[in-house]
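> with the input below, show me the fold.
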Amino acid sequence: MRKALLLALTFLFSSAALSAIPSAIFADQYIDGYYRKDGTYVKPHWRSDPDGDPYNNYSYPGNLNPYTRKRATGDPDSYLERYYGEQDYDSYDSYDSFDDWR
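Take a look at the predicted model:
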């Protein structure tokens with residue numbers, strides 16, 4: 001009986017400890033330091049998991065980086081232009097329905 005109680009308490013405290021860890025941490029990637037083609041060194045850092053959504057990136061203006069506790073600054077439109085490249089990012093939202101694609 002005592003062993004079962006100890007096991008149950010261990011499980012309870014372990015699950016409580018894991019639930020206290022933000023779920024975002026599990027979706028992050030650690031990036032090792034590296035050199036760019038132009039010779040610039042990029043320090044090791046954490047980044048959010050790539051998912052094709054620029055709005056949930058730590059560097060999107062207004063978002064808070066949980067590791068540095070700093071809020072990203074800048075213009076959201078400029079950020080999206082850099083994110084998508086030379087494409088017109090507004091064009092993705094300009095279709096009202098599936099019929100507009102045909």
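> can you give me the helices in the protein?
2-19, 76-84 (DSSP state H).
> tabulate the CA atom coordinates of the shortest one in CSV.
Once side chains and other backbone atoms are set aside, the C-alpha atoms of helix 76-84 remain, and they are given as CSV (Å, rounded to 0.1, in the frame of the first residue of the first chain):
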residue,chain,number,x,y,z
PRO,A,76,4.8,44.4,-39.4
ASP,A,77,4.4,45.2,-43.1
SER,A,78,8.2,45.4,-43.6
TYR,A,79,8.6,42.1,-41.7
LEU,A,80,6.1,40.3,-44.0
GLU,A,81,7.8,41.7,-47.1
ARG,A,82,11.1,40.3,-45.9
TYR,A,83,9.5,37.0,-44.8
TYR,A,84,7.7,36.4,-48.1
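> helices or strands up against it?
Applying 3 or more Cβ pairs under 8 Å, 6 or more residues apart in numbering; DSSP states H and E, one finds that helix 76-84 contacts no other helix or strand. Using the backbone N, CA and C atoms, a C-beta is placed for each residue, glycine as well.
> once you drop chain neighbours, what's closest to Thr73?
With Cβ to Cβ, 6 or more residues apart in numbering as the criterion, Thr73 has its nearest non-adjacent residue at 6.1 Å, and that residue is Pro61.
> give me the number of residues near that neighbour?
15 (other Cβ atoms under 10 Å).
> mind checking pLDDT for it?
We have a pLDDT of 95 for Pro61.
> wait, it sits on Pro76?
Yes. Proximity of Pro61 to Pro76 meets the contact threshold set by Cβ atoms under 8 Å, at 4.9 Å.
> okay, now the unreliable bits of this protein?
1, 4-27, 86-102 (pLDDT under 70).
> now the strands for it?
Along the chain, counting by DSSP state E, strands occupy 28-31, 34-35, 41-42, 45-48, 64-65, 70-71.
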